[in-house]
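Q: Need coordinates for the below:
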Amino acid sequence: MNRRSTIKAAMAGAIAAVATPAVVNAATNPDAQFIADCNEFIAVTRTEWASFKAIPDDDERDVAMASNLSRQETLIKRIWAVDKIHTPEGARAAARAILASSTRAVDGNFAPDTLEQAVAVTLADYMTGGIDPMAGVA
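A: Just a heads-up that it's a prediction; the model follows:
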């Protein structure tokens, strides 16, 4: 195999690795459970936000959302217990979870209460490419 063939083979391998769906790599990703927990937290949070639109009465909403809120608390504890994120995918999952749980104004825009929250939202927004995981429900 000559040098040109070797370079082409290496490039093809690199392209294939980048093109491989994240799901295929999930089994070997050390942050796989953390990412799954963050994604589930976002889904539960989206459901919670949607319930605010669908069920205007606070008491009815609390009853309807009891199991979701319990699951959300469990996920928060599991996410909070992670002491180190190992991969860029894990960092992006954390950023999405930060955005999903960030304080918002009535219009859905971020409304941080402290400098720390403002910095966290700004960094999370950067890390997600400006894609809000709550878009459409917030």
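Q: quick one: low-confidence parts of the protein?
A: Along the chain, the model assigns pLDDT under 70 to residues 1-27, 138.
Q: which secondary structure elements does the strand or helix carrying Val121 contact?
A: Take DSSP states H and E as the rule and Val121 turns out to sit in helix 115-127. The contact analysis (3 or more Cβ pairs under 8 Å, 6 or more residues apart in numbering; DSSP states H and E) places helix 115-127 against helix 88-101. The C-beta positions use only the backbone N, C-alpha and C, and glycine is treated the same way.
Q: Go through the helix it packs on and flag the buried ones.
A: Neighbour-count burial for helix 88-101, with 16 or more other Cβ atoms under 10 Å as criterion, is recorded at 89-101.
Q: Determine which two of those residues are furthest apart.
A: Based on Cβ to Cβ, the longest span within those runs between Glu89 and Ser101 and measures 19.0 Å.
Q: circling back: mind putting the buried residues of helix 88-101 into a markdown table with distance to Val82?
A: As requested, the buried residues of helix 88-101 are arranged in a markdown table below (distance: Cβ to Cβ, whole Å):
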| residue | distance to Val82 |
| --- | --- |
| Glu89 | 13 |
| Gly90 | 8 |
| Ala91 | 11 |
| Arg92 | 14 |
| Ala93 | 10 |
| Ala94 | 8 |
| Ala95 | 14 |
| Arg96 | 14 |
| Ala97 | 11 |
| Ile98 | 13 |
| Leu99 | 17 |
| Ala100 | 16 |
| Ser101 | 15 |
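Q: Pick out the residue closest to the middle of the chain.
A: Here the mean C-alpha position of the chain is nearest to the C-alpha of Arg96 (Cα atoms, centre = their mean), at a distance of 3.2 Å.
Q: which non-adjacent residue is nearest that residue?
A: The shortest distance from Arg96 to any non-neighbouring residue, by Cβ to Cβ, 6 or more residues apart in numbering, is to Pro133 (4.6 Å).
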